[in-house]
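**Student:** Structure for this input, please:
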Amino acid sequence: MRVDPFIETRTLRSIKRLLADSPRDKLLFVMGINSGLRVQDLLALRVAAVRGLKLGDRISIQEKKTGKPNVLIANKEILSALEEYLAVAPTEDRHYLFKSRKTANSPLTTLTVTKKVKAWAAAINLKGNFGAHTLRKTWTYHQRREFGVSWEVLAKRLNHSSPSVTRRYLGIQDEEVEEVLMNSL
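**Tutor:** Numbers count the residues shown, from 1 in each chain. Below you'll find the predicted structure:
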């Protein structure tokens, strides 16, 4: 199933406000849109891996899907959401960071995250096809559009084996192509 990214910056702000009373879900959202990692890799994180992180610290991970090494770097948004969550969550180092409330000693599932992302979008009346992978695609979209990161750098970060896979993530809209066609030489 293909999903859409959250394109508007105001959408990101709205979802953060929506999740203000749910520090775990806010952290999941913030990590997802600020790391470019797959949700399944975020869900595998344990509290011990993130406790005491400082700005710029790195957590080495091995991607579940590809088996390739990757990294999560603590930026200011991630740190802020993490500190907020750890201040209120009864967490032990051995616990999953995104611990399920229904199943003891288990993380949330990707299906649960998909349901959450769909609910967040619905709560702010956003139309589109959203799911767990929306978070990763949102990171990719905004890196390219807001920060001008090249698709080659994004492909490396995402650990894609093919440029065609990265192109699908970029979320290029028809309007953007039409803008380019208006350029004169």
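**Student:** Output the contacting helices and strands for the helix or strand of the chain with the lowest mean pLDDT.
**Tutor:** Ranked by mean pLDDT, DSSP states H and E, the helix or strand of the chain with the weakest confidence is helix 163-169, at a mean of 75. With contacts defined as 3 or more C-beta pairs under 8 Å, 6 or more residues apart in numbering; DSSP states H and E, helix 163-169 has these neighbours: helix 134-147, helix 151-158. (C-beta placed from N, C-alpha, C; glycine too.)
**Student:** Can you say which of the ones you listed is packed in most?
**Tutor:** helix 134-147 (a mean of 20; mean count of other C-beta atoms under 10 Å).
**Student:** Need the residues that contact that one.
**Tutor:** Contacts to helix 134-147, defined as C-beta atoms under 8 Å, 6 or more residues apart in numbering, come from residues 3-7, 9, 12, 29, 32-39, 117, 121, 149, 151, 154, 158, 166, 169-171.
**Student:** Quick check: mean pLDDT of it?
**Tutor:** Mean pLDDT, helix 134-147: 93.
**Student:** Would you confirm that Lys116 contacts Asp25?
**Tutor:** Yes: if you go by C-beta atoms under 8 Å, Lys116 and Asp25 touch, sitting 6.3 Å apart.
**Student:** Name the residue in these two with the higher neighbour count.
**Tutor:** Asp25 (22 against 19; other C-beta atoms under 10 Å).
**Student:** wouldn't the more buried one be in contact with Val113 here?
**Tutor:** No: contact criterion C-beta under 8 Å: Asp25 and Val113 do not qualify, at 9.3 Å.
**Student:** Can you tell me the element the residue nearest to the spatial centre of the chain falls in?
**Tutor:** In the chain, the residue lying closest to the centroid (C-alpha atoms, centre = their mean) is Gly32, at 1.6 Å. According to DSSP states H and E, Gly32 maps onto helix 23-35.
**Student:** For the helix or strand following that helix, enumerate the helices and strands it packs against.
**Tutor:** Downstream of helix 23-35, the next assigned helix or strand under DSSP H and E is helix 39-43. For helix 39-43, the elements it packs on are helix 23-35, helix 110-123, judged by 3+ C-beta pairs under 8 Å, 6+ apart.
**Student:** next structured bit after helix 39-43?
**Tutor:** Next element after helix 39-43 (DSSP H and E): helix 47-50.
**Student:** Distance from the chain centre to that following helix, please.
**Tutor:** Averaging C-alpha positions (C-alpha atoms, centre = their mean, to the nearest Å) puts helix 47-50 18 Å from its chain's average.
**Student:** try stretch 136-151
**Tutor:** On the basis of C-alpha atoms, centre = their mean, stretch 136-151 is displaced by 12 Å from the centre of the chain it belongs to.
**Student:** so where does the spatially closest residue to Asp4 that is not a sequence neighbour fall, helix or strand?
**Tutor:** Closest residue to Asp4 apart from its sequence neighbours, by C-beta to C-beta, 6 or more residues apart in numbering: Gly128 at 4.2 Å. Following DSSP H and E, one finds Gly128 outside all helices and strands.
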